[in-house]
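Visitor: okay, structure incoming, though there's no sequence with it:
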Ligand code: KIV
């Protein structure tokens, strides 16, 4: 790193896109986790995940929307910047929100560049298959690493009429396989497979040279991604079947806040110990 780069506050990124490809070649599983703020990103990075994804589930988990549709570029950028400050080693991937890449290739490049230049993301993720082939092609040509996302695409929730598993019949399974091959051909460095049958994700993973990252897509994907709030039990809403909750932090937070409230009301906090 040159002195000029150092003065701009840049850090060397430890885990890179080529490292991810190497993982697939060496048959080592990839761990991805979402994060939406500095503390979460710092903790995920410190615990050694490979990818921190600032997913547009931000809208649901942190901003209280019922879908990912309303998430804006400004909101994504704000949270990507916060996560950038917390991630020192993992690959930082930013989701492109609905409407930021679908209208034109120019939009896609401009918005992805903003997430990378201002937000500090090392790569972006976009939803879609063959219909976004030209966009992926151009983005990767100009140096934007693109992670694909097929299967259940939450930004299409209104078209599906709900969040529905995909690839269950032969026609849609064949289409997903074709989509994955096209995304790889156009330059995507990895593809998220969401809510598709395990057999299909196994077939897709074995057909590709780039890694697949599954969520609700069975154990044969090259890696897995989960949502921060889901694995820690801090989202008060519905829990999906693909989620494994490793701890009930929601319950622990409730107990802690009630204890704090009781102590303030009972005048046992603060004590001298917590006073100047
Ligand atoms: O937005 C998100 O968090 C995602 C993951 C669930 C893959 O796209």
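Guide: That came through fine. Predicted model, so just to flag it, every value in this text is computed and none were measured.
Visitor: every contact and neighbour count from this point should use C-alpha atoms.
Guide: Will do.
Visitor: contacting residues around residue 144?
Guide: 109, 112, 113, 123, 124 (CA atoms under 8 Å, 6 or more residues apart in numbering).
Visitor: excluding its backbone neighbours, what's nearest the residue of the chain found nearest the ligand?
Guide: Closest to the ligand within the chain is residue 55: 3.3 Å, counting by CA to the nearest ligand atom. Nearest residue to residue 55, sequence neighbours excluded (CA to CA, 6 or more residues apart in numbering): residue 95, at 5.0 Å.
Visitor: would you map out the domains in the protein?
Guide: As given by automatic domain parsing, the domain ranges for the chain are 3-245, 250-276.
Visitor: now do the last one: distance to the chain's middle.
Guide: What it means is domain 250-276. 35 Å (CA atoms, centre = their mean, to the nearest Å).
Visitor: pull up the distance across it, start to finish.
Guide: Distance across domain 250-276, first residue to last, is 32 Å (CA to CA, to the nearest Å).
Visitor: over to stretch 80-94?
Guide: 7 Å.
Visitor: helices or strands up against the one helix or strand residue 93 maps to?
Guide: Using DSSP states H and E, the element containing residue 93 is strand 91-95. Contacts defined by 3 or more CA pairs under 8 Å, 6 or more residues apart in numbering; DSSP states H and E place strand 91-95 against strand 51-54, helix 73-86, strand 123-125.
Visitor: can you list contacts of it?
Guide: Residues external to strand 91-95 that are found in contact with it (CA under 8 Å, 6+ apart): 13-17, 50-56, 76, 80, 84, 115, 120-126.
Visitor: how about it and the ligand, touching?
Guide: No. Applying CA under 6 Å from any ligand atom, one finds strand 91-95 separated from the ligand by no less than 6.5 Å.
Visitor: following element in sequence after that strand, please.
Guide: helix 105-117.
Visitor: remind me what that next one packs against, helices and strands.
Guide: Using 3+ CA pairs under 8 Å, 6+ apart: helix 105-117 touches helix 73-86, strand 123-125, helix 133-141.
Visitor: need these in JSON lines (columns: mean pLDDT, mean neighbour count and distance to residue 270).
Guide: Output for those, formatted as JSON lines (pLDDT from 0 to 100; neighbours: other CA atoms under 10 Å; distance: least, CA to CA, whole Å):
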{"stretch": "helix 73-86", "mean pLDDT": "98", "mean neighbour count": "21", "distance to residue 270": "31"}
{"stretch": "strand 123-125", "mean pLDDT": "98", "mean neighbour count": "24", "distance to residue 270": "46"}
{"stretch": "helix 133-141", "mean pLDDT": "98", "mean neighbour count": "19", "distance to residue 270": "55"}
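Visitor: on that earlier part again, which of the domains of the chain is buried the deepest?
Guide: Mean neighbours per residue, mean count of other CA atoms under 10 Å, is largest over the domains of the chain for domain 3-245, with a mean of 19.
Visitor: direction included, what does the strand holding residue 93 pair against?
Guide: Here strand 91-95 has these sheet partners by DSSP bridges: strand 51-54 (parallel), strand 123-125 (parallel).
Visitor: can I get those in TSV including distance to residue 220?
Guide: Below are those laid out as TSV (distance: least, CA to CA, whole Å):
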stretch	distance to residue 220
strand 51-54	18
strand 123-125	21
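Visitor: nearest to residue 147, of the ones you listed?
Guide: strand 123-125 (4.5 Å; CA to CA).
Visitor: and that closest one, is it in reach of the ligand?
Guide: No. Figure legend: strand 123-125 not in contact with the ligand (CA under 6 Å from any ligand atom); closest approach 7.8 Å.
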